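**Q** have a look at this fold, sequence not included:
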């Protein structure tokens, strides 16, 4: 990828992270792989809703899967993604410290 193409892919990729539930999924998976059922329980959302989020993230190559019996395990495809998310959240926490009404 070069030039404009990388910027277009970057923008599309970042849209995936514009949903809080997807960011939470990244947070859960930064500690290791989980089954889809485990993610459903942790998010407290319907199986259909979580499945949709996981599909989008898998399609964008954010997640990888493996099957073990009836279970599908999800994991982050590249540790740099979780590092980037952590860095962004740290930066946002610092920004929010200066916002009136925030702690």
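**A** Cool, the structure landed. Small disclaimer: the values here were computed from a predicted structure and weren't measured.

**Q** who are the contact partners of the spatially most central residue of the chain?
**A** The centre of the chain sits closest to residue 26, judged by CA atoms, centre = their mean, with a distance of 3.4 Å. Listed by CB atoms under 8 Å, 6 or more residues apart in numbering, the contact partners of residue 26 are 17, 62, 76, 81-82, 85. Yep, even glycine has a C-beta here, placed from its N, CA and C like the rest.

**Q** and it, what helix or strand is that in?
**A** Element membership for residue 26, per DSSP states H and E: helix 20-29.

**Q** who does the helix or strand following that helix touch, helix- and strand-wise?
**A** On the C-terminal side of helix 20-29, the closest following helix or strand by DSSP H and E is strand 34-35. Strand 34-35 is packed against strand 71-76, with contacts defined by 3 or more CB pairs under 8 Å, 6 or more residues apart in numbering; DSSP states H and E.

**Q** so which elements touch the helix or strand just after the strand it packs on?
**A** Counting by DSSP H and E, the element after strand 71-76 in chain order, helix or strand, is helix 79-97. Identification of packing neighbours for helix 79-97 by 3+ CB pairs under 8 Å, 6+ apart yields helix 20-29.

**Q** can you give me the offset of the helix it packs on from its chain's centre?
**A** Relative to the mean C-alpha coordinate of its chain, helix 20-29 is positioned 4 Å out (CA atoms, centre = their mean, to the nearest Å).

**Q** good, wrapping up.
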